[in-house]
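Asks: kindly generate the corresponding structure for this input.
(2 chains)
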Amino acid sequence: MVESFFTAGLTLLVIGAALAAVLAKKFRQPSLVMYILTGLFLGPAGAALISLVPELSIDALVSETEYITLMSELGLAFLLFFIGLEIKIEDIKEVLGETLTISFTQMGLVAVAFFGLSILAGFGTVESVIIALAFMYSSTAVVVKILADKGEVETQAGKLDVSILLFEDVTVVLVMAVLSSLAAAGSFSVASIGLSALKVGFFVAVIAGAAIGSSRYLLPKFLKYASRDKHAFLIHGLAWLFLFTLISKQLGLSLEVGAFFAGVSIAQLPYSEELHEKVKPLTDFFLAVFFISLGLSLTTGDLLKYIWVAIGFSAAVIVLKMLFYYILTSWQGFDRYNSFKAAINMTQTSTFSIVYAAVALESGLLGSAVVGLITIVALLTMGISSYMIFYSDKIFKMLGGKIGNKETGDTDERKAVVAGFNEAVEPSIKYLSNEYDEVTLVDRSINTSNEAEKFEDVEFEFSDFRNVETRKNQNIGSADLVLSMIEDMDLNREIIEETSEECITILTAEDQNQGSELTSKGADHVFVEQEAAGDKITEVIKQRGISENE
Amino acid sequence: MSEIIDLLPVIFIASSLILLVTRRFSIPAYSSYIVTGTLIGFILQATNLGFLPPPDILDSGIVTGIAEIGAAFLIFVTAIRITPQRIKRFGSESFKTSAAQVLIQHIIGFTTGIILGLGAVDSFFIGFAASISSSLVSMNLVNPDADDDKVYTVIAESISLIDDGIAAILTVFVISGLAVGSLEGVILGSLLLLIPYSLRDTVAETVLDRYREDPETLLLIGIASVISLGYMAKTFGVNPIVGVFGAGILLSKTPYNQALIEALEPIKDFFSAVFFVSLGTIAAIPGQTMIYVTAVLLTSIILVRPLSIVFLLRRQGIDSYNAYKAALNLDQISEFTLLAALLAEGTGVLSTQIFQAIVFTAAITFITSDLSAKYADRIYDLMPEFLKFESIDEASYGFNDKKNHSIVVGYDTIGRKAASKLENPVIIAAKPGNVEEAEKDDMDVVFGNPLNDKTWIRAGVEGAEHIISTIPEGKHASKAAEKNKKSVIVTETDEKAESLSQDEKVLYAETIENLSSTQLKDKIQKLHEA
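Replies: Numbering: from 1, shown residues only, chains lettered A, B, ... in the order given. Next up is the predicted model:
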């Protein structure tokens, strides 16, 4: 018998998630930090804290239920799928050289350092290995988000960090596959590690081959057909995700490995951006539940047993990663400022430290107290590094650094963005492609990509401009001209808000009244297709000598 | 819970495969999902493949459970879009039509139940199922390819939204009252609708507007509202559907709700697949006792409801074409009714047999309503004149004897501009609003369907010299061309324009986009050079 969906526990959990998201924005923290804290508060740890109040003794406000478990399992699968959708092989190839060197060396150094520190702290070999693996990575969720908010993704340091994180995401999955396999085997001996690595390597190669092969031969046709239907497109994307999770399961790998490669296979195609945007809300929600549920599983004992070790390890993560990255980037030829920026961005552990810990806990390789340790280190380093990244320039100046010509990624190139396509805009696009250095056409019809090939020097983006993430990705805030052919007043108002005053905004409206509203709000021109067509028809009537009303 | 994890891949992979086939034949998505669900049920029962869940999953309540979740989110997504503006345009006509046909259908359903010896509750649910149509269809939520600006679409949407409002009230006053057995449940249920409505404006300004650019937070706020109000309703002893609906109302203020609607789009897509596939899985052919109930429900929804809607709309001056097109969008069971039935059956208020009959009818009517909407034009053409109720309030004015004039088809922007350049044209207007505008502009106007030859006769096509067809649809363009007069035609595709231009009587044929493109480019050039 399945429990009802509408339960007190689930209600508290989602309210907690919503509040956590609000507070995260307010305190400039990564939302996952707040989700874990919410889970801690709602779970046994929070109950223990509240029970400290005299004469107040409660059990955990929320305990794990069927639906919570389901959603958190989905959260992990969706997260890996989402990350896979970002892995474009072409992008990785471009930055392979310096990224590989810095990334591998850094991961190796951190792993060795924390293996040593863990042994010194009294942990066993297995625990020390998992701690070392957990702390190797930095957090894409934290770094990319804050850099995007600061407009620093396109800077030299930003680009390097993003590509390192991209590379780390690939290795994360491989390590997780081995860990899951070891967890299933229940053994951590050298022999079993070797065997697991071979087995996992083989099956991962099979699944990766299937992903890349389908990306070349099957997916282009399938997704081209699927993309015509906006609603069904997501369903087809999810079907692909679940197909790979099924294959993965049959091969004895975890669901997440399959989900990751499902994403990678789609990432090589122009449809990935659209699917990326569609999957994001589902990922956000299920992931929120995952992190809250992680917090629910921790007790006060788990959190307090290694609290001082956790604080010490957090400090070590920040200092060591800062040091290693700074030295490595300087060695690769980056100047002081960029080395500092690249290093300070990466001074936290990753979401996957918590994921590794959860996987290891489930299989008995780790105790819940060590999971608590890893979780606290993640919370502390993510929390502190968020502020460090945000105030990085001030910190650099405090340390005596001088910021020279700050490379912001802005150039003198003139950029035009065209949203939506129909025949009415064709002559305009031709004109813009001659007058502007960069013209991007954004449309969620794959037929438009065929049309876009007619225009020289026009880049096509398969995406829905109504989506706020799409507009952020297109950086319309710094565009010189935005032309929207989409008749959507809400979108039009958003465009006026999001573009700069210097930007020429040409919007499309249904009628003159809407046009007047948009003009009064700041649009430079409002195109009313019917009006323009009507004017042309009257011209034709006159030219063809049809009787005229004088 | 691993069973749900095992079931979800089956649902989505099967849906994807079926959609690939059915979309080729333009069969809409939710019919495809229902077929998928039926196939899944059949395959699970008939086979024993290792990677598929075991067949007993179908009886374990899991499928019903996920259908419940799916329906709840779909109702929430619908309710968020309920705004007075959506209903206003044909508010009066829609309200009268909706109220009258709900009453008619309810009487039919309830009476049938009583005659068959069923209890009051079961009979009530039969009437409930027969009377409320689906907002998903009319508001284009599951099938985004349909036109959303046509008169009949707007009318259908208004009627179904009003239906939802009536359904919510019935749920509060009757279903919850039955469940709780007291006035208390009714009062609490009413509060769950009234309080969110009164807080709409505050929530819009303090929450929706503030987090407009933060889809993650907005989404979580939306989901938290659904689950918490649904839970609150359940705690009060009221059907949770009331809480879910209330949550949607709370967040429905336009234009603040736009960002939330965008953020919920993938959630809606995800759960619509889950809901309709589950529905297909649990739908079963009714047993002997329920065959009569099902037959009455099907007849009532597929035949009686559309005809009564057409009749009622015609009485209020809507032309027969638009009345039929609207009515044939409203001939299905509502997801609102389904969720209410799911929850009522779960608490023992509704008998399982009636629940099964309702689910089976829902599965059938979603498929038949897809077909009726798709072939509405053909159905309309086949209807005998007396069923078009043409004798009711049909304007008898005509310009049959007029000569040497121009006929302008359509009186939207293009039609108005064209007519202003012509000497004493006759306008063919398909929408009541256009008739009023033409009359204000002192134009001779005929109100009627331009695809109907009688309309042309009344416009004096025999004596006309020119035709300016401004409705950009292939059918209208062809109709204008077939009148064999010198014509200027606005059509929808380049291919159609080219083929029309072959006709020597067609002086000019072009699409709206091509007509407007030069002006746009010239304007951009001016702004760039300035």
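Asks: residue closest to the middle of chain A?
Replies: A:A141 (5.8 Å; CA atoms, centre = their mean).
Asks: pretty sure that residue is in a strand, no?
Replies: No. Membership of A:A141 in a strand is not supported by DSSP: H, G, I helix; E, B strand; the rest coil, which gives helix.
Asks: tell me how far it lies from A:T99.
Replies: Distance from A:A141 to A:T99, counting by CB to CB, to the nearest Å: 19 Å. All C-beta spots, glycine's among them, are computed from the backbone N, C-alpha and C.
Asks: and the residue nearest to the centre of chain A, what is it in contact with?
Replies: Counting by CB atoms under 8 Å, 6 or more residues apart in numbering or on different chains, A:A141 makes contact with A:30, A:32, A:351.
Asks: please redo it, this time with the cut-off set to 6 Å
Replies: A:30, A:351 (CB atoms under 6 Å, 6 or more residues apart in numbering or on different chains).
Asks: how much space between it and B:G127?
Replies: Taking CB to CB, one finds A:A141 at 52 Å from B:G127.
Asks: also B:Q353?
Replies: In terms of CB to CB, B:Q353 sits 16 Å off from B:G127.
Asks: and for A:F465?
Replies: Where B:G127 is concerned, A:F465 sits at a distance of 46 Å (CB to CB).
Asks: just A:G383 next, same as before
Replies: Taking CB to CB, one finds A:G383 at 58 Å from B:G127.
Asks: how about the strands in the stretch 351-500 of chain B?
Replies: B:406-409, B:426-429, B:444-447, B:466-469, B:486-491 (DSSP state E, counting those that start in this stretch).
Asks: quick one on the thing from earlier: A:G383 and B:G127: who's more crowded?
Replies: B:G127 (23 against 20; other CB atoms under 10 Å in any protein chain shown).
Asks: could you list the low-pLDDT ranges of the stretch 101-250 of chain A?
Replies: A:181-190, A:192-193, A:196 (pLDDT under 70).
Asks: would you mind listing what in it touches chain B?
Replies: Within the stretch 101-250 of chain A, the positions near chain B by CB under 6 Å from any CB of the partner chain are A:229-232, A:234-236, A:238-239, A:242-243, A:246.
Asks: outline the domain layout of the chain.
Replies: I'll assume chain A. A:66-398, A:415-546 (automatic domain parsing).
Asks: chain B was what I was after
Replies: B:2-378, B:401-529.
Asks: quick one: which of those domains is nearest A:I374?
Replies: Minimum separation from A:I374 across the domains of chain B (CB to CB) falls at domain B:2-378, 24.6 Å.
Asks: as JSON lines, the strands of the stretch 351-500 of chain B with mean pLDDT, distance to chain A and mean neighbour count would be great.
Replies: Shown next, in JSON lines, are these (pLDDT from 0 to 100; distance: least, CB to the nearest CB, whole Å; neighbours: other CB atoms under 10 Å in any protein chain shown):
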{"stretch": "strand B:406-409", "mean pLDDT": "94", "distance to chain A": "7", "mean neighbour count": "28"}
{"stretch": "strand B:426-429", "mean pLDDT": "92", "distance to chain A": "13", "mean neighbour count": "28"}
{"stretch": "strand B:444-447", "mean pLDDT": "86", "distance to chain A": "13", "mean neighbour count": "23"}
{"stretch": "strand B:466-469", "mean pLDDT": "94", "distance to chain A": "5", "mean neighbour count": "27"}
{"stretch": "strand B:486-491", "mean pLDDT": "93", "distance to chain A": "6", "mean neighbour count": "25"}
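Asks: quick one, which of these is nearest to B:A477?
Replies: strand B:486-491 (3.9 Å).
Asks: now that closest one, how far from the centre of its chain.
Replies: When distances are taken as CA atoms, centre = their mean, to the nearest Å, strand B:486-491 is centred 32 Å away from the chain's centroid.
Asks: so what strands line up beside it?
Replies: Neighbouring strands of strand B:486-491 in its sheet, by DSSP bridges, are strand B:466-469 (parallel), strand B:506-511 (parallel).
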